[in-house]
Structures are given as C-alpha cells and as structure tokens.
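1. build the 3D model from these lines:
(one chain, ligands or ions: 1)
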Amino acid sequence: MKRFFSVNDVQNLRDLVNEVVLIKQSPFKYQDLGKNKTLGLVFLNPSLRTRLSTQKAATNLGMDVMVMNLDKDGWALETRDGVVMNGSNAEHIREAAAVLGNYCDILGFRSFAKLQNQDEDYSEDLFNKFVKFCNIPVVSLESATRHPLQSLADLVTILELADNSTYFSGEAHVKARPKVVLTWAPHIKPLPQAVANSFSEWMIQAQSESLLDFVITHPEGYDLAEDFTRGAAITHHQDEALADADFIYVKNWSGYRDYGKLLNNPEGWMLDSKMLKQTNSAKVMHCLPVRRDLELSSEILDGPDALVIQQAGNRVWAAQAILKRMLENL
Ligand code: CP
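-> Predicted coordinates for the structure are as follows:
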C-alpha cells in the first residue's frame, strides 16, 4: 500500500478488518518490521486520538516517530504555484513536503477542510500536493473530505461486536448483518463533513460486501455529497431510521449544498436514552471529541451502550494494520 486516503485504497474490507483484529490479538508480532524506519506525523490541526494512536501503532511495529505541528511550529505554507512569495507565507509546500519525505519513510498528514470554498476543499488540493511532493507513502490523518483511519476503526468496532455478539454483556442481540445508522447531531459551530463522508463511504462498501445494512438520517438541508452516499438509504425521519438499529453513529456536519453553513439547529436531534428504546438495544458510536448533552446525552455516554472508548482503542490497531501494509511495500 502506497497511500491510505479513502476506502478505494482497500481491496477487501473483510480481509483488512480480519488483519486489524489479528494485530489487536498479537500487537508485537511485527515489532521488527519497522526497525530503522521513520514515521513522520504532520498536523495542521489539533488531535488527541489520531496523533497518539498512530504513534503507538508505529512504536508497536518498531518504527521511530517524529511529530510536527506544522501550523504552529513550521513556517507558514504557500501552496499555490506561480506566485511571488512576498506575503506572509515563508515556505512553499513543494520544498516542505520534499524535505519531510527526505527525513521519513512514511508520512501521515492532517489538514481539515477550511469550509470557505467547496471546490477547494473537495479537490483535496493540499493533501494531493503533499502526497505528490513528498514522494513517499502517505497515510491520511484526516483530510478535507475524509477520515479513513477513523472509519476503519469504526468498522472494526462494529464487526467485532457483530461477529461475536456476546462481546460485551453476554446478551446475543446484534444481528450477523447489523443495521447501522448514521445520524446528524446538533453543534454550536459548523464542522467539516469529513467524518460523516468517510463513515458513509466505508459503510456503503461494507454493505456491498454484505457485512451490514446502512441508513443515514439528517434534517433537511444537511445532505452530504452524493459521491459519498450513493447506495445508502437516506431519510429525514430520525425515528424511522432508528427503528431496529443495532449501531447508531452520532456526528454533526455542516451543510454541503449551502457549504460550510450551520443552517439551523433543529430541535430533537440529540440522541438520548428514550430514543434508544425503539432500537434493537443499539450500541452508540461517536468519533470523539464529543460535546456532552449537545451532540449526545451524557446518560448514553456514561452508560453501557456507548462504544466511544472501544472505537478510540481500535484506532491503534487500525493504524497498525495500515502502517504494516505500507512497511511491507517499501
Ligand atoms: N477522532 C479523532 O480523529 O480524534 P482526534 O481529532 O483527537 O485525533
């Protein structure tokens, strides 16, 4: 594997999930694979889970890791070609990425959507330039439109529970082919669509491999880009979507059509314990960080139905499987 950016970089989801689960069972089996290899993690935005889980994954593989908060500790980046650099941007991405590629064997890169210009964000210009100019394998740590390491960990979390329905409490209630629902949640500020887009494209691919059934629910106006949702059932009626759900993935996103806007904050969309009654004893997921009692009730987060800590834990094994595949192809 030379690049991990989207679900399209994976040939068979079931095989990858199985590999993640095997790594979780034997985390140090490949501890010599990354010997004398360096992973560089480059962040233009904040991170807790992605930064530390990927660092831990690389360490388990025997790699050295360098982390740089390029937005704070680096020179301000120019990304356009053909401009005279007489403004505040001191370093061009052509040199910055090439130098990082020179120091490292694999790079991770995080750059969120700016939510100012849909074409610019959805062209993934910055991520693509970074990949091109660093000239070594790159794993996305979340780009403008996708968060694939999160989505892989989410799929693993769902399937390890669906595959072994006694995983948590001994109650066998999760169907072999579970119903997975992505539900929009309120927020105080507009967030990128990356996590929702990514979760959707991974679930649609998993659905096509007969691993689960996928439904999206959101208020009117919050449609995601069709490229990410083709093949999913979509409804504006949250209660309809939640009926018989096995897994509910809670996430806010801002408007795609009315780009980057917080259109309104419709009442009644925050998931709470009462809403879980209509589900198939659903487990509740969120990528974190989560705003308690705004996006998701603290009663759910503190109760037995929340999977958020397991999801975050699986970020390590997901990253480790991807780094392993990249190391095997160096
Ligand atoms: N879920 C996730 O990517 O968390 P961080 O932004 O803290 O890395």
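2. how near is the closest residue in space to Leu141 that isn't next to it in sequence to the ligand?
-> By the measure of Cβ to Cβ, 6 or more residues apart in numbering, the closest residue to Leu141 outside its immediate chain neighbours is Arg110, 3.8 Å from it. (C-beta placed from N, C-alpha, C; glycine too.) In this view, Arg110 and the ligand are 8 Å apart by Cβ to the nearest ligand atom, to the nearest Å.
3. just the pLDDT for Arg110.
-> pLDDT, the model's per-residue confidence, is 98 for Arg110.
4. and for it, the neighbour number?
-> The tally of other residues near Arg110 (other Cβ atoms under 10 Å) stands at 23.
5. and if you look at Leu22?
-> The criterion is other Cβ under 10 Å. On that basis, Leu22 has 12 neighbouring residues.
6. how about Asn102?
-> The local packing count at Asn102 equals 10, with neighbours defined by other Cβ under 10 Å.
7. secondary structure element holding it?
-> Mapping Asn102 onto the secondary structure by DSSP states H and E places it in helix 93-103.
8. pull the distance from that helix to the chain's centre.
-> With Cα atoms, centre = their mean, to the nearest Å as the basis, helix 93-103 stands 25 Å off its chain's centre.
9. what's it in contact with?
-> Counting by Cβ atoms under 8 Å, 6 or more residues apart in numbering, helix 93-103 makes contact with 38, 40, 42, 66, 68, 70, 74-75, 77-79, 107, 126, 129-130, 132-136, all of which sit outside it.
10. any idea of the mean pLDDT for that helix?
-> Per-residue confidence for helix 93-103 averages out to 98 on the pLDDT scale.
11. just checking, what packs against the helix ranked longest in the chain?
-> In the chain, ranked by residue count with DSSP state H as the criterion, the top helix is helix 308-328. The elements that helix 308-328 packs onto, with contact taken as 3 or more Cβ pairs under 8 Å, 6 or more residues apart in numbering; DSSP states H and E, are helix 13-25, helix 49-60, strand 106-110, strand 138-140, helix 148-163, strand 283-285.
12. export the ones you listed to TSV and tack on distance to Glu120?
-> Formatted as TSV, the helices and strands packed on helix 308-328 follow (distance: least, Cβ to Cβ, whole Å):
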stretch	distance to Glu120
helix 13-25	30
helix 49-60	23
strand 106-110	17
strand 138-140	17
helix 148-163	20
strand 283-285	30
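13. between these, which one is nearest to Val308?
-> With Cβ to Cβ as the measure, strand 283-285 is the member of the helices and strands packed on helix 308-328 nearest Val308 (6.6 Å).
14. how many other residues sit next to the residue in the stretch 201-330 of the chain positioned nearest to the ligand?
-> Among residues of the stretch 201-330 of the chain, the one nearest the ligand by Cβ to the nearest ligand atom turns out to be Cys287. It sits 3.9 Å away. Other residues lying near Cys287 total 25 when counted by other Cβ under 10 Å.
15. ok, now Thr38?
-> The local packing of Thr38 (other Cβ under 10 Å) involves 15 other residues.
16. look up how far the ligand lies from it.
-> Distance, Thr38 to the ligand, by Cβ to the nearest ligand atom: 21 Å.
17. now swap in Leu100 and tell me
-> 20 Å.
18. would you mind measuring from that residue to Val42?
-> Distance from Leu100 to Val42, counting by Cβ to Cβ, to the nearest Å: 6 Å.
19. list the residues that contact the nearest residue to Arg315 once chain neighbours are set aside.
-> Nearest in space to Arg315, with sequence neighbours left out and distances taken as Cβ to Cβ, 6+ apart, is Ser53 at 3.7 Å. Going by Cβ under 8 Å, 6+ apart, Ser53 touches Leu149, Ala312, Arg315, Val316, Ala318, Ala319.
20. can you name the residues of this structure that neighbour the ligand?
-> By Cβ under 6 Å from any ligand atom, the residues of the chain that approach the ligand are Ser47, Leu48, Arg49, Thr50, Glu142, Gln150, Cys287, Leu288.
21. using JSON lines, please lay out those together with pLDDT.
-> What follows is the residues of the chain next to the ligand, written out as JSON lines (pLDDT from 0 to 100):
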{"residue": "Ser47", "pLDDT": "98"}
{"residue": "Leu48", "pLDDT": "98"}
{"residue": "Arg49", "pLDDT": "98"}
{"residue": "Thr50", "pLDDT": "98"}
{"residue": "Glu142", "pLDDT": "98"}
{"residue": "Gln150", "pLDDT": "98"}
{"residue": "Cys287", "pLDDT": "98"}
{"residue": "Leu288", "pLDDT": "98"}
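22. for ChimeraX, what selects the buried ones among the contacts of helix 93-103?
-> Per 16 or more other Cβ atoms under 10 Å, the buried members of these correspond to this ChimeraX selection:
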select :40,42,70,74,77,78,79,107,126,129,130,133,134,136
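23. fine, thanks again, bye for now.
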